[in-house]
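Engineer: just coords:
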């Protein structure tokens, strides 16, 4: 996975945030009319925001064609105050749009861990937390991502208004793995070719006027070899960073409005892109311009700009680091260029974050939202936008354009990954309403460890109507920190269902804890999907005593087809589900959290841990709690069979059900060992329909 999938923090809901707006449908090729909303920032000549413009003072061109502005908003965000004025020409956007459609500020915190140093990173963390605590408005959305040599580009947090979640993510970044390099790359190059510290040279009043000292021709082979290795290694890191930023920009281009990226980095070493001039006649290829890298760097700038990403960069180098190295040859030069090219600002050194972050607030705190209708085609083409203001003395900052949506088959690998995360996590994917898959997640044992059974019922007829024959199914598990910790994929042939339903399942080893589980089935040609959602808690295994696991519920009746997707390589059963939940598929079928109204009896397979209990004699009781009223109803529970394997007990029980109204119920089970008086309780949520 291109985005370090295992660390997609879903509250990588961030790139999820990307995923949401990348959703597409292959079959929608017709031209439709859509509302385009664009954010516009207007300042006076002295850089102060202009906040009193009216709709008729704006002119908008889409592909050089003047548009009729039908929606207008003026936003002025101040500490503790949010003034939103709507002055429409023909339509009130505030009244006609849902809250999700109102355009707000979107910020991305980007930590470049590769081009950084430990002290600089700690200051970057402080700066980010200061920004979250002091600069954000309640309506703002914020996302967090990072780049490192080991993990590549990692999306930690999806666009969210949850400040606490974002703070937790920022505080966690950098705890795993090595942060960047210890000192400035250009300074290391200087030491290699000169044999002296750049800082020592400056303190001795020896300013560097040229990057090549006179004795460069006398450099030894070993030192030259070391120099070559250092530059090649650093070039590889920069190529990866630039490539990831290009991919990210292509995904971000589909997000409406302006995106503000706060970039914490010491910058891309200037000499790697532009080379090093020498004052000696001998040519050293190690110092030449890397034309391929330079072209990629220029492409990155264009992609960021086309995606309407405004970069506010902060230099994480120490203020006194290698002060005699010309500033245009350090990373600061590239930081300045990235910000200038994208219409943002280079804020300066991160050490001064308390003062320089006010610039972000001043620049983005007041803006306008303009809306107009256009014919939209699913061709992925770029539309250029130009915004003018008729009032003199105003400077306009607006997105340069947008891309039409495109068919799923034309998505890049990264876009398809984001699309998957969107399906799994977004409550309301933008361009499709995925089919709901009934599913369950039931804890169990795999040898001496805990695991979870993920199972979804795929309705053959409904799936056939929405998803084609070429499909894939994903089993995803998110931990309590909202990181993806498990992802299993399998291609499926829906033609084998012949219009009938089937149960798709995986058994995934997991340690005790709280998890959110998803099963996603997706058409590989069109992107249309079906999603099952379930939360589960895997209990801790006690050193001694009794611990019940939630039950796997069954109803009388033949199951039908089961499709195994992933199961640990243990046991010899051709039907491995029965190794963990023994039942007769010819007589019983799974109930995945849904019980048909009028059901008179259900069955349950219950896993339990029995550790260090001599001759356990366990008594079970059960009752239902109506969730809406809290009413408790005792159930008649009978043990049909049981077996014990080591410290694991498996019980097959029958439950007689009373007449139930439609609604949600909590099925509670209690167990007590008569010998030791050890007790345990478990429960599961059921819906009667």
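Structural biologist: Looks like it came in fine. Not measured: the values here are computed from a predicted model.

Engineer: when you work out contacts or count neighbours from here on, use the C-alpha atoms and nothing else.
Structural biologist: Will do.

Engineer: so residue 523 makes contact with residue 465?
Structural biologist: No - the pair residue 523 and residue 465 fails to qualify as a contact (C-alpha atoms under 8 Å) at a distance of 11.4 Å.

Engineer: neighbour count for those two, which is higher?
Structural biologist: Taking neighbours as other C-alpha atoms under 10 Å, residue 523 and residue 465 compare with residue 523 leading, 23 against 9.

Engineer: got any ranges where the stretch 51-200 of the chain has weak pLDDT?
Structural biologist: Along the stretch 51-200 of the chain, segments meeting pLDDT under 70 span 78-102, 174-200.

Engineer: wait, a strand at residue 234?
Structural biologist: No - going by DSSP: H, G, I helix; E, B strand; the rest coil, the assignment for residue 234 is helix, not a strand.

Engineer: and the pLDDT for it?
Structural biologist: Note on residue 234: pLDDT of 84.

Engineer: tell me which element the residue nearest to residue 356 when sequence neighbours are not counted is part of?
Structural biologist: Nearest non-adjacent residue to residue 356, counting by C-alpha to C-alpha, 6 or more residues apart in numbering: residue 347, 5.7 Å away. If you go by DSSP states H and E, residue 347 is part of strand 345-349.

Engineer: what strands flank that strand, and is each parallel or antiparallel?
Structural biologist: strand 309-315 (parallel) (DSSP bridges).

Engineer: on contacts alone, who are the packing partners of the next helix-or-strand element following the strand it pairs with?
Structural biologist: Counting by DSSP H and E, the next helix or strand C-terminal to strand 309-315 is helix 331-341. If contacts are counted by 3 or more C-alpha pairs under 8 Å, 6 or more residues apart in numbering; DSSP states H and E, helix 331-341 sits against helix 270-274, helix 291-306, strand 309-315, strand 345-349.

Engineer: ranking the ones you listed by burial, who's on top?
Structural biologist: strand 309-315 (a mean of 27; mean count of other C-alpha atoms under 10 Å).

Engineer: how far out from the middle of the chain is it?
Structural biologist: 21 Å (C-alpha atoms, centre = their mean, to the nearest Å).

Engineer: list of residues touching that strand?
Structural biologist: Strand 309-315 is contacted by residues 249, 258-267, 304, 332, 335-336, 338-339, 342-350, 360 when judged by C-alpha atoms under 8 Å, 6 or more residues apart in numbering.

Engineer: quick check: angle from it to helix 331-341?
Structural biologist: With axes from the mean of the first three to the mean of the last three C-alpha atoms, to 10 degrees as the basis, strand 309-315 and helix 331-341 are set at 160 degrees to each other.

Engineer: the inter-axis angle of strand 309-315 versus helix 291-306?
Structural biologist: 120 degrees.

Engineer: pLDDT of strand 309-315, averaged?
Structural biologist: On average, strand 309-315 scores 94.

Engineer: which other residues reach stretch 634-649?
Structural biologist: 445, 607-612, 620-624, 650-658.

Engineer: could you list the low-pLDDT ranges of this protein?
Structural biologist: In the chain (pLDDT under 70), the answer is 1-32, 78-102, 174-227, 254, 276-289, 319-330, 427-431, 481-482, 570-573.

Engineer: same list (the helices and strands packed on helix 331-341) but as JSON lines, adding distance to residue 70.
Structural biologist: Output for the helices and strands packed on helix 331-341, formatted as JSON lines (distance: least, C-alpha to C-alpha, whole Å):
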{"stretch": "helix 270-274", "distance to residue 70": "46"}
{"stretch": "helix 291-306", "distance to residue 70": "25"}
{"stretch": "strand 309-315", "distance to residue 70": "25"}
{"stretch": "strand 345-349", "distance to residue 70": "31"}
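
Engineer: residue 479: which of these is closest?
Structural biologist: Ranking the helices and strands packed on helix 331-341 by proximity to residue 479 (C-alpha to C-alpha) places strand 309-315 first, at 30.7 Å.

Engineer: hang on, isn't residue 536 packed against residue 439?
Structural biologist: No - using C-alpha under 8 Å, residue 536 is not in contact with residue 439, being 11.7 Å away.

Engineer: what sits against residue 339?
Structural biologist: Taking C-alpha under 8 Å, 6+ apart, one finds 310-313, 345-346 in contact with residue 339.

Engineer: quick one on the thing from earlier: the contacts of stretch 634-649 in strands, which ones?
Structural biologist: 445, 607-611, 620-624, 650-656 (DSSP state E).

Engineer: now, of those, which are buried?
Structural biologist: Among the ones in strands among the contacts of stretch 634-649, those scoring as buried are 445, 607-611, 621-624, 650-655 (criterion: 16 or more other C-alpha atoms under 10 Å).

Engineer: among those, which pair sits farthest apart?
Structural biologist: It's 611 and 624 that sit farthest apart of those, by C-alpha to C-alpha, at 28.2 Å.

Engineer: list buried residues within the contacts of strand 309-315.
Structural biologist: 249, 258-267, 304, 332, 335-336, 338-339, 342-350, 360.

Engineer: correct me, but residue 114 touches residue 148?
Structural biologist: Yes - in terms of C-alpha under 8 Å, residue 114 counts as a neighbour of residue 148; the distance is 5.0 Å.

Engineer: now residue 269. Its backbone dihedrals?
Structural biologist: Phi and psi for residue 269, reported as degrees, to the nearest 10, are phi -50, psi 120.

Engineer: burial check on the spatially closest residue to it that is not a sequence neighbour, number of neighbours?
Structural biologist: The spatially closest residue to residue 269, leaving aside those adjacent along the chain, is residue 331, at 4.6 Å (C-alpha to C-alpha, 6+ apart). Per other C-alpha under 10 Å, the neighbour tally for residue 331 reads 23.

Engineer: for residue 77, same thing?
Structural biologist: Other residues close to residue 77 by other C-alpha under 10 Å number 21.

Engineer: helix, strand or coil for it?
Structural biologist: strand.

Engineer: phi, psi for the closest residue to it other than its chain neighbours please.
Structural biologist: Excluding its sequence neighbours, the residue lying closest to residue 77 (C-alpha to C-alpha, 6+ apart) is residue 365, at 5.1 Å. The phi/psi pair for residue 365 (degrees, to the nearest 10) reads phi -70, psi -20.
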